[in-house]
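Enquirer: sequence and predicted structure, then a few things I'm wondering about:
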Amino acid sequence: MFISLSIWWLPEVEIFQRSNDANFKGFIVQALNAQTHQPIGHFISTPGMKPVEECSAITHTDSRPKKGVNLVWEAKVKEPGEVIFR
């Protein structure tokens, strides 16, 4: 499963991604500044998920089959612009 989502800056974003295909076991999602392609903001730790702070990403902590994930991302600074989640 691959997701690519582009949004304008908000202080906090909740992302829900659901697979219409078979279950998936793992994932990694990264937040990037759309202009510089540099990591931006951080993800909030939730059960079964672990933020990777050095690259503004989040990944799974278990390999149980999943149909979807619910992610919460926060901006570290108030900087208008576009954010890409991939």
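Expert: Nice, thanks for sending it over. Since the model is a prediction, treat every value here as computed from it, not as a measurement.

Enquirer: nearest residue to Cys55 other than its sequence neighbours?
Expert: Pro39 (5.1 Å; C-beta to C-beta, 6 or more residues apart in numbering). Using the backbone N, CA and C atoms, a C-beta is placed for each residue, glycine as well.

Enquirer: stretch 49-59 spans what distance, first to last residue?
Expert: Terminal residues of stretch 49-59 are spaced 6 Å apart (C-alpha to C-alpha, to the nearest Å).

Enquirer: just how off-centre is that stretch within its chain?
Expert: Relative to its parent chain, stretch 49-59 has a centroid offset of 8 Å by C-alpha atoms, centre = their mean, to the nearest Å.

Enquirer: so for the residue nearest the centre of the chain, what's the pLDDT?
Expert: Nearest residue to the geometric centre of the chain (C-alpha atoms, centre = their mean): Val29, 4.2 Å. On the pLDDT scale, Val29 is placed at 90.

Enquirer: what helix or strand is it located in?
Expert: Here Val29, judged by DSSP states H and E, is contained in strand 28-33.

Enquirer: check which helices and strands that strand is in contact with.
Expert: Helices and strands touching strand 28-33, as assessed by 3 or more C-beta pairs under 8 Å, 6 or more residues apart in numbering; DSSP states H and E, comprise strand 42-43, strand 57-60, strand 68-74, strand 82-85.

Enquirer: what about those, which gets the closest to Ala22?
Expert: The stretch from the helices and strands packed on strand 28-33 with the least distance to Ala22 (C-beta to C-beta) is strand 68-74; that distance is 12.5 Å.

Enquirer: list the helices and strands the closest one packs on?
Expert: By 3+ C-beta pairs under 8 Å, 6+ apart, strand 68-74 packs against strand 12-18, strand 28-33, strand 42-43, strand 57-60.

Enquirer: I am finished for the moment; much appreciated.
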